[in-house]
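*Asks:* Sequence and computational prediction follow.
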Amino acid sequence: MCGIVGYIGYREAYPIVIKGLQRLEYRGYDSAGIALYDGTNIKLSKTKGKVSDLKNKLEDEISTSGSLGIGHTRWATHGVPNDVNSHPHYSNSGDLVIIHNGIIENYDALKKELSKRGYTFKSDTDTEVLINLIEDVKKNEDTKLGKAVQIALNQVVGAYAIAVFDKNKPNEIVVARLGSPLAIGIGEDEFFIASDASPFIEYTKNAIYLEDEEMAIIRRNKGVKVRKIKDDALVDPYMQELQLNLEQIEKGGFDHFMLKEIYEQPEAIRDTFRGRLLTNQAIIKMAGVEDNMKKFLAADRIIIVACGTSWHAGLVAEYIFEDLARIPVEVEYASEFRYRNPVITGNDIVIAISQSGETADTLAAIKLAKSKGAFVFGVCNVVGSSIARETNAGAYTHAGPEIGVASTKAFTTQITVLSLMALRLARAKGTITSSEFRHHLIELETIPAKVEEALKSDGYVQTIADIYKHATNFLYLGRGFNFPVALEGALKLKEISYIHAEGYPAAEMKHGPIALIDEQMPVVVIATKKGHYEKVVSNIQEIKSRKGKIIGIVTKGDKSVKELADHVIEVPETLECFSPLLTTIPLQLLSYHIAVMLDKNVDQPRNLAKSVTVE
Ligand code: M6R
């Protein structure tokens, strides 16, 4: 995915667009570019690399005046990351300029057609094809930019959020969306465009989020007109008041967003509880569940679809739902589910989990499930995201913006929402007694304070990180509720430190991975009390006999693992089903510190993007 940003109004566009790009860099950061228009000249500059590279290049190269500007930060799909493939792109005449987030799937056929008509292409991108298609329509139909964009988009297959301007129309930007987010900030005599609201939060709290298949013509001093791309119908857009504040999207004294977000978890979990976990009254209130209780109670099974860390949260939920609410659960990679021709009936409930609410595979899995008659419930963090809108009902995690590419607070707040759901359903189904229910609520309420306590291991985790930072492989083992935590710990290490790591259910070790163990191999074992503790201790003994280095994640006060392991990191005691909320904390810290010590870019690891809006 990519980030797009734009401005039209009375201020200088450059500082707004460049700062906006820095805020959107989590969406992609292999190249960046900007186009500024002062009514006479278009100044366009782009480069491979980060927004800071663009800034350096640009301030040397061109004047940055102009009160119309668009900018782009890229995560490459068509064409390698280089200066030429970076956005913005000009049309052949040099009159039209575009930025684009998404993929034009039929770009090849369109390109061939345009080539026959004499168009030439400098880049390998699908975006340059689109801007020339718009130019071609504009010429042939002798029409204005807005109409040309509309006609061209009706010929396009794929996904897009675009912003286009025309040299001959210095007071106008045309935007459109299908499958990629696009927000328009509405100020006084000024307008902002962005993939999310963070670039314009200090200028306005009013925003319109375009729906799929909508476009808008934004005119300086005039306003915004929204239309349907297909049938040209005028739309009366809903203006939202943004809840986001500047503090939430800044680092707040931490070196990295990831560390800030790790430390935000106690508060984020409290926010997830707010208004839902009413321990004194012994109730859980979740409107999305309450309103659809009949469907939940009648469901034959729950299918969870998600990707990456959200998929790991889904695996934890499988254990929790089955244990507490006795509902059969299957957890599917959305990317596999969508192409598997799965058997789904009207009695299935599909739960889609996604931090961003924009993951393309999860979105496609939802559409497939709905088409087969399933009721789809979303667990998202980003309010108003595509997945939140596409699902029949849902519950937000309320974790606040997660900027670090490595998901941390999204994981724990997803587990929190899913635990609340499982408990609510368990109570409704009578699969736990009222005293068990109350006991779970009381314990769940203590989790934020226990996460705070778990965070105190940070200093010791740094010492361990220093010892193992040069290891080339890691194993992560866990059982039951903590097996998905082992997978998540391994994913965190891989994605930000580039060290190879694998997560396994501890008992599976004997069936292969044990062959890897020697004195070079650090093995992180989650061995909290209760649930299979003795079995995991036996697994630790097996590792020890093969000279593996053991880092145990144990319950406070543990003695047995301490005797065997090279290092132990303690977490507070809790009910087994909630233990992933604590055991994951030292694993997040371990991967963070190793990556920092190896001098890796923690918040923007190579090849990754925060949300994956392409297949
Ligand atoms: O926004 P989503 O939760 O749908 O994203 C899913 C994955 O792309 C995401 O969890 C990814 O695996 C993270 N980088 C993991 O830290």
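*Replies:* Noted; the coordinates are in hand. In this text, all values refer to a predicted model and were calculated from it rather than measured experimentally.
*Asks:* of all of the chain, which residue lies closest to the ligand?
*Replies:* In the chain, the residue that lies nearest the ligand is residue 308 (2.0 Å; CB to the nearest ligand atom). All C-beta spots, glycine's among them, are computed from the backbone N, C-alpha and C.
*Asks:* How about the residues of the chain by the ligand?
*Replies:* 307-310, 354-356, 359, 362, 405-407, 491, 495, 608, 611-612 (CB under 6 Å from any ligand atom).
*Asks:* Narrow those to those in helices?
*Replies:* Of the residues of the chain next to the ligand, the ones assigned to helices by DSSP state H are 308-310, 362, 491, 495.
*Asks:* how long is stretch 213-223 end to end?
*Replies:* One end of stretch 213-223 sits 20 Å from the other (CA to CA, to the nearest Å).
*Asks:* now it: mean pLDDT?
*Replies:* Across stretch 213-223, the average pLDDT comes to 95.
*Asks:* What ranges in the stretch 451-600 of the chain fall below the confidence cut-off?
*Replies:* 531 (pLDDT under 70).
*Asks:* What segments of it are helices?
*Replies:* Assigned by DSSP state H, counting those that start in this stretch, the stretch 451-600 of the chain shows helices spanning 458-468, 483-497, 533-545, 560-564, 580-597.
*Asks:* Of all those, which one comes closest to residue 54?
*Replies:* Residue 54 lies closest, by CB to CB, to one member of the helices of the stretch 451-600 of the chain: helix 483-497, at 23.8 Å.
*Asks:* for the chain, what helix or strand is lowest in average pLDDT?
*Replies:* Of the helices and strands making up the chain, the lowest-confidence element is helix 51-61, at a mean of 82, by mean pLDDT, DSSP states H and E.
*Asks:* which residues are contacting that one?
*Replies:* With contacts defined as CB atoms under 8 Å, 6 or more residues apart in numbering, helix 51-61 is touched by 18, 21-22, 25, 29, 32-34, 45-47, 64, 73.
*Asks:* Could you tell me which of those belong to helices?
*Replies:* Mapping the contacts of helix 51-61 onto helices (DSSP H) picks out 18, 21-22.
*Asks:* PyMOL command for the buried members of those?
*Replies:* Command for PyMOL, covering only those of these found buried under the criterion 16 or more other CB atoms under 10 Å:
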select buried, resi 18+21+22
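*Asks:* Identify, from the ones in helices among the contacts of helix 51-61, the entry nearest to residue 111.
*Replies:* When the ones in helices among the contacts of helix 51-61 are compared against residue 111 (criterion: CB to CB), the nearest one is residue 21, at 27.6 Å.
*Asks:* isn't that closest one right up against residue 5?
*Replies:* Yes: contact criterion CB atoms under 8 Å: residue 21 and residue 5 qualify, at 5.7 Å.
*Asks:* any residues in contact with both of those two?
*Replies:* 71-72, 199.
*Asks:* which of these are buried?
*Replies:* 71-72, 199.
*Asks:* Which ones among those map onto strands?
*Replies:* 71-72 (DSSP state E).
*Asks:* now the buried ones among the shared contacts of residue 21 and residue 5 as TSV including pLDDT?
*Replies:* Formatted as TSV, these follow (pLDDT from 0 to 100):
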residue	pLDDT
71	97
72	96
199	95
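*Asks:* and the ones in helices among the contacts of helix 51-61 as TSV, adding distance to residue 190 and pLDDT?
*Replies:* Listed next are the ones in helices among the contacts of helix 51-61 as TSV, based on distance: CB to CB, whole Å; pLDDT from 0 to 100:
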residue	distance to residue 190	pLDDT
18	17	96
21	18	96
22	20	92
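*Asks:* just the ones in helices among the contacts of helix 51-61 now: which is nearest residue 453?
*Replies:* Once CB to CB is applied, the member of the ones in helices among the contacts of helix 51-61 that ends up nearest residue 453 is residue 22, at 34.9 Å.
*Asks:* In contact with the closest one: list those residues for me.
*Replies:* 51-52.
*Asks:* How about the contacts made by the closest residue to residue 186 other than its chain neighbours?
*Replies:* Spatial nearest neighbour of residue 186, excluding adjacent residues (CB to CB, 6 or more residues apart in numbering): residue 206 at 4.5 Å. Contacts for residue 206 (CB under 8 Å, 6+ apart) come out as 185-187, 239-242.
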